[in-house]
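Novice: predicted structure and sequence below. I'll ask about it afterward.
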Amino acid sequence: MWLLGSFATIYGIDALYLRPRDMMIDDVALFSALLFSMTGIREVMPQVPPVGSGVDFFGFIWIMLMLMLVSVLVLCRLTGQYVHPRPTRWDRFFNRDYCENHDMHAERKADFDARMEANEMEREERRLAGRLEKLASKKSFTSKSLAGVL
């Protein structure tokens, strides 16, 4: 039981935090099945004392707590990964402030993109002007050859 519980917990921590990835319904099914099958596994083990003995307090309860925690975290990740990036019709109907802020954010982003593009064009013009000055300072080029370089 410790081996199954430990491997499942390590897999859950790996999938949630160490190498985060999207969860699938299979992951939730795995942890839920392990959680509910641990009682059956405990019952079929040979020479097990009755429920509530010291062995349960040192092993079984901790395994169940680990699996419950990881199951809840995986279920939260599964439901949390499907959050809509844009407001839905429900949001627009009931939460107008969110939609207005979202639209304002889109306008700010468009303004920022336009400013960045203008800055990039200015930078490119300055670079080309500097290149033209360097070529003109060598005096071995004519104006026709300078136009061909640019």
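Specialist: Right, received. Where do you want to start?

Novice: pretty sure Ser12 is touching Val74, no?
Specialist: No, residue 12 isn't Ser; it's Gly. Yes: the pair Gly12 / Val74 is scored as a contact, 5.8 Å apart, by C-beta atoms under 8 Å. The way it works is simple: take the backbone N, C-alpha and C, and place the C-beta from them, glycine included.

Novice: list residues touching both of those two?
Specialist: Asp27, Phe31 (C-beta atoms under 8 Å, 6 or more residues apart in numbering).

Novice: contacting residues for the nearest residue to Ile25 once chain neighbours are set aside?
Specialist: The shortest distance from Ile25 to any non-neighbouring residue, by C-beta to C-beta, 6 or more residues apart in numbering, is to Leu78 (7.0 Å). By C-beta under 8 Å, 6+ apart, Leu78 lies in contact with Met23, Met24, Ile25, Asp27, Val28.

Novice: those helices in this structure, which residues are they?
Specialist: Taking DSSP state H to define them, one finds helices in the chain at 2-13, 25-44, 54-55, 61-80, 89-94, 96-137, 143-149.

Novice: tell me what the longest one is packed against?
Specialist: Looking back up the chat, that one is helix 96-137. Counting contacts by 3 or more C-beta pairs under 8 Å, 6 or more residues apart in numbering; DSSP states H and E, helix 96-137 is packed against helix 89-94, helix 143-149.

Novice: distance between it and the chain's centre?
Specialist: What separates the centre of helix 96-137 from the centre of its chain is 29 Å, taken as C-alpha atoms, centre = their mean, to the nearest Å.

Novice: quick revisit: which of the helices and strands packed on helix 96-137 has the lowest mean pLDDT?
Specialist: Set side by side, these give their lowest mean pLDDT on helix 143-149, at a mean of 56.
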